[in-house]
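Participant: Predicted model and sequence follow; I will ask about them next.
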Amino acid sequence: MKFSDLGIETDMVEALASKGIIEPFPIQEQTIPIALTGQDIIGQAKTGTGKTFGFGLPLVQALGLTPEPGVQALIVVPTRELAVQVTEDIVLATSNRATSVVAIYGGKAYEGQIDALKAGAQIVVGTPGRLLDLASQRLLSFAGVKVMVLDEADKMLDLGFLPDVEKLFSQTPAQRHTMLFSATMPGPVVTLARRFMNKPIHIRATSPDESITQANIKHFVYRAHALDKDEVIGRILQAEGRGKTVIFTRTKRAAARLMDELNDRGFVAGAVHGDLSQDARERAMARFKAGKIDVLIATDVAARGIDVDDVTHVINHTIPEDDKAYLHRVGRTGRAGKTGIAVTFVDWDDLHKWALINKALEMGIPEPVETYSSSPHFMSDLNIPEGSKGRLSASSAAPKEKRAGSAAPRRASQPTHKPAARDTKDAGSASARPRTRQRRRTTSS
């Protein structure tokens with residue numbers, strides 16, 4: 001099956017092929033033919049099933065090769081990071097068309113976004129707050145919207161954005177094509193769909209009861225001591241086959257501290273959390289995508305914006321709040337059919353929380369094993385070479401260099417995987433390597 005077989009026009013097929021994206025994913029095969037007819041759709045699929053192109057390609061095609069200036073399509077997403085990711089995909093799809101795309105989200109200067117709107121951008125990807133802000137200033141009008149997409153509606157609910165989403169819906173024409181995507185369908189999301197959609201078709205990419213604990217992700221859960229976690233992580237980062245790694249912390253302060261600690265230990269780490277400016281977060285993400293850093297430490301605010309195919313390990317430095325948060329976190333690995341490893345540390349005080357997560361996801365790990373950095377089972381589980389320590393030898397670390405969004409790290413020559421490339425250029429100008437396949441966003445972040 002090719003995209004052309006689904007009715008996608010040649011220019012977009014060629015644009016995708018230029019990045020090695022040839023065959024559609026199941027959610028795309030199900031969504032695209034229906035979306036091309038203008039039928040309202042509710043797509044229930046885990047993040048990472050390829051739904052951005054599932055709604056994005058029909059949306060772009062509906063506007064035509066040379067659309068008139070002015071906002072005609074609106075894609076609403078819950079987080080800044082996801083706005084950037086979705087925008088990148090839509091820009092790719094429109095690369096052979098006279099269609100302009102603008103990302104509208106907070107944390108960035110108004111001027112560039114306003115200039116893009118005044119220049120006649122036809123597709124807007126944005127977060128609810130900044131969209132309503134510009135609309136209230138009469139700098140953005142939704143009166144001409146023909147297609148509206150609500151992506152990750154369940155996350156909107158979690159973040160308390162549904163009232164804002166309702167305001168956005170109410171400012172668009174009643175006769176519009178609407179698509180809503182959500183990993184889960186809680187009651188308020190169902191109510192929203194009934195209120196603002198016209199006889200939508202419900203599409204499920206997978207069984208609604210399917211959990212993320214599929215065969216291509218191995219899950220390890222350890223009862224770890226807080227004072228030993230840094231050493232444990234340092235050893236995990238030397239595991240055989242370890243590639244890009246995402247580490248989730250509960251707080252912004254913990255993320256910043258862990259980044260400094262790992263850089264001091266000789267690893268190449270960056271961080272993405274709420275205390276950083278939006279520009280710094282985007283630079284850190286760009287460096288991670290490009291392989292200039294290979295360890296990214298993040299709080300949950302960034303979970304759904306980390307959209308990189310070749311993440312091999314996810315480490316939960318602290319246990320997620322619930323099963324949904326767990327799924328969103330570990331979904332950063334095991335993408336595009338690859339294998340992945342998820343490691344979760346459970347503090348003694350959080351055993352009750354883990355019990356609830358384990359039960360909800362039916363993981364079969366009711367009692368996490370008490371584990372230390374020297375535990376033989378830990379070294380064996382994660383394929384860590386014998387004799388590895390949590391700190392790279394001083395002889396293998398290069399002098400520290402200054403870079404945005406992280407403490408100055410030392411270059412590491414690691415024996416078990418290719419170290420991240422380093423340069424002294426500003427991360428904001430770095431470009432990610434061309435993708436050879438579709439990026440997946442995985443959830444039940």
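Facilitator: Yep, it's here.

Participant: Can you name the secondary structure element that comes next after whichever strand or helix holds Leu82?
Facilitator: Assigned by DSSP states H and E, Leu82 falls within helix 80-93. Going down the chain from helix 80-93, the next helix or strand is strand 101-104, by DSSP H and E.

Participant: The helix holding Leu82 packs against which elements?
Facilitator: Using 3 or more Cβ pairs under 8 Å, 6 or more residues apart in numbering; DSSP states H and E, the elements in contact with helix 80-93 are helix 10-17, helix 51-63, strand 101-104, strand 123-126, helix 278-290. From N, CA and C alone the C-beta is placed, and that goes for glycine too.

Participant: for the stretch 301-445 of the chain, which spans come out with low pLDDT?
Facilitator: For the stretch 301-445 of the chain, the stretches with pLDDT under 70 are 301-305, 336-337, 393-445.

Participant: Which residue ranges of it form helices?
Facilitator: 323-330, 351-361, 376-381 (DSSP state H, counting those that start in this stretch).

Participant: now the stretch 151-300 of the chain
Facilitator: Along the stretch 151-300 of the chain, the stretches classed as helices by DSSP H, counting those that start in this stretch are 153-158, 162-170, 187-196, 229-236, 252-264, 278-290.

Participant: Go through the ones you listed and name the closest to Ser18.
Facilitator: helix 278-290 (17.8 Å; Cβ to Cβ).

Participant: tell me the mean pLDDT for the closest one?
Facilitator: Averaged over helix 278-290, pLDDT sits at 86.

Participant: tell me what it is packed against?
Facilitator: Counting by 3+ Cβ pairs under 8 Å, 6+ apart, the packing neighbours recorded for helix 278-290 are helix 80-93, strand 269-272, strand 295-298.

Participant: could those go into a markdown table alongside mean pLDDT, mean neighbour count and distance to Lys324?
Facilitator: A markdown table is the format used below for those (pLDDT from 0 to 100; neighbours: other Cβ atoms under 10 Å; distance: least, Cβ to Cβ, whole Å):
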| stretch | mean pLDDT | mean neighbour count | distance to Lys324 |
| --- | --- | --- | --- |
| helix 80-93 | 93 | 23 | 16 |
| strand 269-272 | 92 | 29 | 20 |
| strand 295-298 | 94 | 27 | 17 |
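
Participant: closest to Thr191 out of these?
Facilitator: helix 80-93 (22.9 Å).

Participant: Next, the angle from the closest one to helix 51-63.
Facilitator: Interaxial angle, helix 80-93 versus helix 51-63 (axes from the mean of the first three to the mean of the last three Cα atoms, to 10 degrees): 50 degrees.

Participant: Quick one: distance of the host helix or strand of Ile27 to the chain centre.
Facilitator: Assessed by DSSP H and E, Ile27 sits inside helix 26-35. How far helix 26-35 lies from its chain's middle: 21 Å, per Cα atoms, centre = their mean, to the nearest Å.

Participant: what is the rounded mean pLDDT of it?
Facilitator: On average, helix 26-35 scores 92.

Participant: Please tell me how far Thr371 sits from Leu140.
Facilitator: Computed with Cβ to Cβ, to the nearest Å, the distance linking Thr371 and Leu140 is 52 Å.

Participant: ok, now how distant is the nearest residue to Ala360 once chain neighbours are set aside from Ala183?
Facilitator: Once flanking residues are discounted, Ala360 sits nearest to Asp323: 3.9 Å by Cβ to Cβ, 6 or more residues apart in numbering. Between Asp323 and Ala183 the computed distance is 12 Å (Cβ to Cβ).

Participant: which of those two has more neighbours?
Facilitator: Shown here are Asp323 and Ala183; by other Cβ atoms under 10 Å, Ala183 has more neighbours (29 against 19).

Participant: returning to that earlier point: could you give the angle of the helix holding Leu82 to helix 278-290?
Facilitator: 60 degrees.

Participant: In PDB, list the C-alpha atoms belonging to helix 80-93.
Facilitator: Output of helix 80-93 as PDB, limited to C-alpha atoms (Å, rounded to 0.1, in the frame of the first residue of the first chain):
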ATOM      1  CA  ARG A  80       4.300  23.800  22.700                       C
ATOM      2  CA  GLU A  81       6.600  20.900  21.900                       C
ATOM      3  CA  LEU A  82       3.800  19.000  20.000                       C
ATOM      4  CA  ALA A  83       3.000  22.200  18.100                       C
ATOM      5  CA  VAL A  84       6.500  22.300  16.800                       C
ATOM      6  CA  GLN A  85       6.500  18.600  15.900                       C
ATOM      7  CA  VAL A  86       3.100  18.800  14.100                       C
ATOM      8  CA  THR A  87       4.200  21.900  12.200                       C
ATOM      9  CA  GLU A  88       7.300  20.200  11.000                       C
ATOM     10  CA  ASP A  89       5.200  17.400   9.500                       C
ATOM     11  CA  ILE A  90       2.700  19.700   7.900                       C
ATOM     12  CA  VAL A  91       5.500  21.800   6.400                       C
ATOM     13  CA  LEU A  92       6.900  18.700   4.900                       C
ATOM     14  CA  ALA A  93       3.600  17.800   3.400                       C
END
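
Participant: And for that helix, what's in contact with it?
Facilitator: Under the criterion Cβ atoms under 8 Å, 6 or more residues apart in numbering, residues 12, 15-16, 19, 52-53, 56-57, 59-60, 75, 77, 101-107, 123, 125-127, 151-152, 272, 278, 281-282, 285, 302, 304-307, 439, 441 lie in contact with helix 80-93.

Participant: go with 7 Å
Facilitator: 12, 15, 19, 52-53, 56-57, 60, 75, 77, 101, 103, 105-107, 123, 125-127, 151-152, 278, 282, 285, 302, 304-305, 307 (Cβ atoms under 7 Å, 6 or more residues apart in numbering).

Participant: Just the buried subset of the residues you listed, please.
Facilitator: Among these, the ones that count as buried by 16 or more other Cβ atoms under 10 Å are 12, 15, 19, 52-53, 56-57, 60, 75, 77, 101, 103, 105, 123, 125-127, 151-152, 282, 285, 302, 304-305, 307.

Participant: Enumerate the beta-bridge partners assigned to Met148.
Facilitator: Counting by DSSP bridges, Met148 is bridged to Leu74, Thr178.

Participant: ok, it - contacts?
Facilitator: Applying Cβ under 7 Å, 6+ apart, the residues near Met148 are Leu74, Thr172, Arg176, Thr178.
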